[in-house]
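In: here are the coordinates; sequence isn't available:
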């Protein structure tokens with residue numbers, strides 16, 4: 001597949017913004033997706049950081065990546081007013097403001113497998129565009145906001161739902177000084193939301209910077225003449241693309257490299273699952289159905305989220321064959337399997353429950369718990385059609401399940 005580069009937002013020519021919007025993810029086997037985010041507040045003038053971000057994306061394309069470039073300045077975000085909604089399991093009320101473009105930007109974040117952040121230095125730090133966006137950075141879907149109280153561990157699910165398990169690179173440019181401080185400014189947040197920054201570059205461009213005070217000097221050359229910076233940026237893009245799937249925050253299991261799970265026959269792995277009656281799961285028993293089997297897998301910490309997801313899916317698409325897969329860690333000696341089964345039975349789940357003892361099924365597919373619940377779509381021949389991490393919203397999952405389904409009578413989904 002040929003690499004594709006798409007620029008989103010107003011170009012420097014002032015043309016109208018592209019109407020292209022991502023609504024669904026295609027099945028795996030796709031190219032890797034790299035999103036460039038430029039934080040320069042410049043409008044209508046050449047930006048050194050934006051130019052180098054584009055060069056980094058070209059480096060990503062050399063490795064076959066599909067790329068997009070967005071500018072934070074093209075997505076006006078209403079300033080956080082400290083209402084506390086996101087700290088109290090509520091969707092941000094500012095989403096309802098017609099001028100707020102946060103959710104449009106969030107769709108691009110979810111689309112990406114990796115990021116390249118590019119920014120100039122203002123006052124020895126990053127410009128306001130980053131803080132304005134990140135103060136509001138949270139899932140734009142209500143089914144992602146449910147927790148007892150906000151703490152360091154919860155932050156990855158609240159502020160980093162679309163970042164965790166992914167990789168990023170940083171390019172920070174200055175006209176002389178300050179790139180060191182600006183480059184480190186966002187690192188605590190990226191670490192907390194489980195985004196792996198695999199390369200960071202600070203460039204003191206000096207005579208190659210695009211600030212008018214430099215360009216107007218007789219020695220000012222402009223960023224397009226900075227061959228060294230272009231090559232460094234290209235290398236950043238190559239590094240980020242090659243690192244996709246190797247997040248340093250994945251917990252047990254193999255790193256979920258793009259396309260490594262889908263398409264394989266998982267019949268043997270499925271046979272290791274057991275019902276609450278201790279019977280092994282047998283996919284062959286139900287081969288008279290044409291529609292795919294949909295499994296939602298989660299451990300204890302994400303079990304409530306998985307249950308809510310299944311309830312919503314059953315409501316919106318009642319014809320789906322849904323199963324909850326309870327991933328159970330190795331039990332201590334004083335906890336019996338019968339006790340675990342009893343607790344799960346008491347919860348009265350509306351769909352059949354399958355037990356994955358000692359996470360054997362999850363680990364065999366390299367499904368890390370830090371991005372649960374996982375939704376797996378399996379055809380009746382036992383082939384895994386799709387594996388979706390917990391960073392997908394329920395409606396996104398449903399849209400993809402129905403796209404894969406061969407059941408012509410499947411209930412159409414209401415529009416989100």
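Out: That came in fine, so what should we check first? These numbers were taken from a predicted model, which means no experiment stands behind them.
In: now stretch 185-197, how far from the centre of its chain.
Out: Relative to its chain's centre, stretch 185-197 lies at 14 Å (C-alpha atoms, centre = their mean, to the nearest Å).
In: Quick check: buried residues in it?
Out: Neighbour-count burial for stretch 185-197, counted by 16 or more other C-beta atoms under 10 Å, picks out 185, 186, 189, 190, 192, 193, 194, 195, 196, 197. (C-beta placed from N, C-alpha, C; glycine too.)
In: ok, now stretch 317-335?
Out: So stretch 317-335, judged by 16+ other C-beta under 10 Å, has buried residues 317, 320, 321, 322, 323, 324, 325, 326, 327, 328.
In: Of these, which belong to helices?
Out: Among the buried residues of stretch 317-335, no member is found in helices (DSSP state H).
In: Would you mind giving those as JSON lines with distance to residue 51 added?
Out: Converted to JSON lines, the buried residues of stretch 317-335 look like this (distance: C-beta to C-beta, whole Å):
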{"residue": "317", "distance to residue 51": "46"}
{"residue": "320", "distance to residue 51": "47"}
{"residue": "321", "distance to residue 51": "51"}
{"residue": "322", "distance to residue 51": "49"}
{"residue": "323", "distance to residue 51": "50"}
{"residue": "324", "distance to residue 51": "49"}
{"residue": "325", "distance to residue 51": "47"}
{"residue": "326", "distance to residue 51": "51"}
{"residue": "327", "distance to residue 51": "46"}
{"residue": "328", "distance to residue 51": "52"}
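In: What mean pLDDT does the helix or strand containing residue 342 get?
Out: Per DSSP states H and E: residue 342 is located in helix 337-346. Taken as a whole, helix 337-346 carries a mean pLDDT of 93.
In: just checking, next helix/strand downstream of that helix?
Out: Downstream of helix 337-346, the first helix or strand assigned by DSSP H and E is strand 353-357.
In: List the residues that contact residue 240.
Out: If a contact means C-beta atoms under 8 Å, 6 or more residues apart in numbering, then residue 240 has 34, 56, 60, 114, 115, 116, 167, 168, 169, 198, 199 as its contacts.
In: if I look at it, how far off is residue 195?
Out: Going from residue 240 to residue 195 by C-beta to C-beta, to the nearest Å gives 12 Å.
In: Can you check which residues contact both of these two?
Out: Joint contacts of residue 240 and residue 195 (C-beta under 8 Å, 6+ apart) are 115, 167, 168.
In: Is the last one in a helix, a strand, or coil?
Out: It stands for residue 168. Per DSSP: H, G, I helix; E, B strand; the rest coil, the local secondary structure of residue 168 is strand.
In: Hmm, residue 196 and it touching each other?
Out: Yes. Between residue 168 and residue 196 there is a contact at 7.0 Å, judged by C-beta atoms under 8 Å.
In: tell me, what's touching those two both at once?
Out: Common neighbours of residue 168 and residue 196, using C-beta under 8 Å, 6+ apart, are residue 190.
In: Test my guess that residue 202 contacts residue 182.
Out: Yes. Look at residue 202 against residue 182 with C-beta under 8 Å: they come within range, at 7.4 Å.
In: any residues in contact with both of the two?
Out: 172, 174.
In: Let me see the contact set for residue 155.
Out: With C-beta under 8 Å, 6+ apart, residue 155 has these contacts: 192, 193.
In: Which of the three states applies to the residue nearest in space to the middle of the chain?
Out: Nearest to the mean C-alpha position of the chain, by C-alpha atoms, centre = their mean, lies residue 162 at 3.5 Å. Judged by three-state DSSP, the three-state class of residue 162 is coil.
In: was I right about it contacting residue 107?
Out: No. Using C-beta under 8 Å, residue 162 makes no contact with residue 107, being 9.2 Å away.
In: hang on, the earlier thing: got the shared contacts of residue 240 and residue 195 as TSV, with pLDDT columns?
Out: Converted to TSV, the shared contacts of residue 240 and residue 195 look like this (pLDDT from 0 to 100):
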residue	pLDDT
115	97
167	94
168	96
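In: out of these, which is most surrounded?
Out: The most crowded member of the shared contacts of residue 240 and residue 195, judged by other C-beta atoms under 10 Å, is residue 167 (26 neighbours).
In: For it, name its beta-bridge partners.
Out: Here residue 167 sits in beta bridges with residue 114, residue 196, going by DSSP bridges.
In: Tell me who's in contact with it.
Out: Neighbour list for residue 167: 113, 114, 115, 195, 196, 197, 198, 240, 243, 244, 246, 247 [criterion: C-beta under 8 Å, 6+ apart].
In: run the last query once more with 10 Å
Out: By C-beta atoms under 10 Å, 6 or more residues apart in numbering, residue 167 lies in contact with 34, 112-115, 195-199, 239-249.
In: now residue 275
Out: Residue 275 neighbours (C-beta under 10 Å, 6+ apart): 281, 282, 323, 341, 352, 353, 354, 355.
In: where in the stretch 201-350 of the chain is pLDDT low?
Out: Applying pLDDT under 70 to the stretch 201-350 of the chain picks out residues 220, 250-262, 286-288.
In: all strands for it, in order.
Out: Ranges of strands within the stretch 201-350 of the chain are 274-275, 293-298, 321-328, based on DSSP state E, counting those that start in this stretch.
In: Looking at those strands, spot the one closest to residue 388.
Out: strand 293-298 (9.6 Å; C-beta to C-beta).
In: Run the angle between that closest one and strand 353-357 for me.
Out: Computed by axes from the mean of the first three to the mean of the last three C-alpha atoms, to 10 degrees, the angle separating strand 293-298 from strand 353-357 equals 50 degrees.
In: Okay, now the sheet partners of strand 293-298, with direction.
Out: Here strand 293-298 is paired, per DSSP bridges, with strand 321-328 (parallel), strand 374-378 (antiparallel).
In: after the shortest one comes which helix or strand?
Out: Right, the one you point to is strand 374-378. That would be, after strand 374-378 and using DSSP H and E, strand 384-388.
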